[in-house]
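> have a look; sequence and predicted model below, questions after that.
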Amino acid sequence: MIDFRLTETDKAALAKIRAEALIARKYARYYDENENEMAPDELPEAADFVSPSVPEIDMETDTHGPVMMMLQTIGNFWGDYTVRLRKRTSGGLGNAALAAAGSPDQIEKWGSLVLAMAITEPGCGSDPSRVQTTAVLDEETNEWVLNGEKIFVTTGIRADGVVCWATLDPKAGRAGIKSFLVEKGAPGFEVPGKEKKLGIRADDTAAYVFNNCRIPRENLLGGDESIPKSSSGGFRGVMKTFNMTRPMTAAMGLGIAEAALDFTRDQLEEAGLRIDYTSGKATQNAAVEKFIELEALYEASKLVTLQCVYLAGKGLPNNMESSVCKAHAGSTVRTVTQGCIDLLGPMGISREHLLEKWARDCRITDIYEGTGEIQRLIIARGLLEYSRADLS
């Protein structure tokens, strides 16, 4: 039986995360409205907090660790999505790819750096197999030469380097895609600037340009091209990183949804509307009935996400579940935040409160790490055993 009960130590750690998260809210509006500024790695008021220690998690044997990690993520983003409380020593999405597909030498060399992941391109969004950034091996210099443009690179400004997806043969589709480790400062690697977005405005999302960017041959993720594709930075090798980053994205969204629900509950109770969970919905005020429905949707999404990471902790396959929780949470958080705005009316869209900001911020959770539509295609393929061609 799956058991999500928390120990007293777990509860204390989550309470401390909530206290830190409240500090983030003090800065949320400022960095939303001043998106050209970079939020600090550590907020002054948080300096006195001793962050709860998070033990290193062995995803093959630890069942509780991944679940606790998701709950901590929910707690962090319950504060605010875009303001970071801790220095980014844990790395970015590229670090997950490095851990999943990098060679031992690469992990030792690059593991201490913060690595972004560059996949999305102006003409390639939800389908990474259509990547047009090219990688050509210069045999004379023993270097890879990268050419192309990437957009919406998360942690793109502050990252020390990037895992860049590029193709050896644009006509080969997925088979031609490899991943390359590129450090900031490499010749031909340009960072035009920070992206301007609808939400998560304080987040350092960047555009990258590779203009005859030269990197050493050994920077092919996983090793030299002579190594089999499954272990040399190929499409499958790197895609498996999403089995943990997708539930992480779901947890981020759930943190926002929980914040919206908590704020709305307080406002309803202040207005004299009592939420009674012991009686049927039909016997209650229409606003309360709607609120309970939003809460139930949130709880369902949270359980799906925790089940996904529980499987990972047991060393069991979770490819299907990672897509299910990502698709469900991406839809849920949008429904919940919009539903809370509907319940609160003018208060919901007032800039005096953060609810309207959370409604903008949460949209990203249904987009990156694979859009909701893509997740549903993956689910259909898994359930119905459809091929890629069947769904195209």
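Arrived safely, thanks for sending. Residues are numbered from 1 along each chain as shown.

> please count neighbours and contacts with C-alpha atoms only from this point.
Fine.

> how about the helices of this protein, start to end?
Counting by DSSP state H, the chain has helices at residues 8-33, 64-79, 93-101, 104-110, 235-239, 242-270, 286-313, 319-344, 346-349, 355-361, 372-384.

> need these in JSON lines (columns: distance to residue 41 and mean pLDDT).
Converted to JSON lines, the helices of the chain look like this (distance: least, C-alpha to C-alpha, whole Å; pLDDT from 0 to 100):
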{"stretch": "helix 8-33", "distance to residue 41": "11", "mean pLDDT": "91"}
{"stretch": "helix 64-79", "distance to residue 41": "14", "mean pLDDT": "90"}
{"stretch": "helix 93-101", "distance to residue 41": "17", "mean pLDDT": "88"}
{"stretch": "helix 104-110", "distance to residue 41": "21", "mean pLDDT": "95"}
{"stretch": "helix 235-239", "distance to residue 41": "28", "mean pLDDT": "57"}
{"stretch": "helix 242-270", "distance to residue 41": "18", "mean pLDDT": "94"}
{"stretch": "helix 286-313", "distance to residue 41": "28", "mean pLDDT": "95"}
{"stretch": "helix 319-344", "distance to residue 41": "26", "mean pLDDT": "96"}
{"stretch": "helix 346-349", "distance to residue 41": "29", "mean pLDDT": "96"}
{"stretch": "helix 355-361", "distance to residue 41": "19", "mean pLDDT": "97"}
{"stretch": "helix 372-384", "distance to residue 41": "30", "mean pLDDT": "89"}
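
> now these in JSON lines, with mean neighbour count and distance to residue 39?
Formatted as JSON lines, those follow (neighbours: other C-alpha atoms under 10 Å; distance: least, C-alpha to C-alpha, whole Å):
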{"stretch": "helix 8-33", "mean neighbour count": "17", "distance to residue 39": "7"}
{"stretch": "helix 64-79", "mean neighbour count": "23", "distance to residue 39": "15"}
{"stretch": "helix 93-101", "mean neighbour count": "23", "distance to residue 39": "20"}
{"stretch": "helix 104-110", "mean neighbour count": "14", "distance to residue 39": "25"}
{"stretch": "helix 235-239", "mean neighbour count": "20", "distance to residue 39": "30"}
{"stretch": "helix 242-270", "mean neighbour count": "23", "distance to residue 39": "18"}
{"stretch": "helix 286-313", "mean neighbour count": "20", "distance to residue 39": "29"}
{"stretch": "helix 319-344", "mean neighbour count": "24", "distance to residue 39": "24"}
{"stretch": "helix 346-349", "mean neighbour count": "17", "distance to residue 39": "24"}
{"stretch": "helix 355-361", "mean neighbour count": "22", "distance to residue 39": "16"}
{"stretch": "helix 372-384", "mean neighbour count": "16", "distance to residue 39": "29"}
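
> now the ones you listed as JSON lines including distance to residue 116?
Below are the helices of the chain laid out as JSON lines (distance: least, C-alpha to C-alpha, whole Å):
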{"stretch": "helix 8-33", "distance to residue 116": "22"}
{"stretch": "helix 64-79", "distance to residue 116": "19"}
{"stretch": "helix 93-101", "distance to residue 116": "5"}
{"stretch": "helix 104-110", "distance to residue 116": "12"}
{"stretch": "helix 235-239", "distance to residue 116": "13"}
{"stretch": "helix 242-270", "distance to residue 116": "13"}
{"stretch": "helix 286-313", "distance to residue 116": "23"}
{"stretch": "helix 319-344", "distance to residue 116": "20"}
{"stretch": "helix 346-349", "distance to residue 116": "33"}
{"stretch": "helix 355-361", "distance to residue 116": "20"}
{"stretch": "helix 372-384", "distance to residue 116": "22"}
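
> out of those, flag the one nearest residue 162.
Between residue 162 and the helices of the chain, the shortest gap by C-alpha to C-alpha is with helix 93-101, which sits at 6.2 Å.

> returning to what we had before: nearest to residue 180, of the helices of the chain?
That would be helix 93-101 among these, by C-alpha to C-alpha, at 9.9 Å.

> show me what that closest one packs onto, helices and strands only.
helix 104-110, strand 115-118, strand 161-167, helix 235-239 (3 or more C-alpha pairs under 8 Å, 6 or more residues apart in numbering; DSSP states H and E).

> just the angle for that helix relative to strand 161-167, thanks.
70 degrees (axes from the mean of the first three to the mean of the last three C-alpha atoms, to 10 degrees).

> and residue 281, how far from residue 340?
17 Å (C-alpha to C-alpha, to the nearest Å).

> show me the one of the helices of the chain that comes nearest residue 187.
Of the helices of the chain, nearest to residue 187 by C-alpha to C-alpha is helix 104-110, at 18.2 Å.

> give me the helices and strands touching the closest one, please.
Counting by 3+ C-alpha pairs under 8 Å, 6+ apart, helix 104-110 packs on helix 93-101.

> got the angle between the helix it packs on and helix 242-270?
Using the same axes, to 10 degrees: helix 93-101 against helix 242-270 is 140 degrees.

> so how far is helix 93-101 from its chain's centroid?
Counting by C-alpha atoms, centre = their mean, to the nearest Å, helix 93-101 is centred 14 Å from the centre of its parent chain.

> my guess is residue 223 meets residue 102, correct?
Yes. With contact defined as C-alpha atoms under 8 Å, residue 223 counts as touching residue 102 (7.4 Å).

> of the two, who's got more company?
Legend: neighbour count by other C-alpha atoms under 10 Å for residue 223 and residue 102, higher for residue 102 (27 against 22).

> how far away is that one from residue 224?
11 Å.

> equivalent analysis for residue 130, please.
23 Å.
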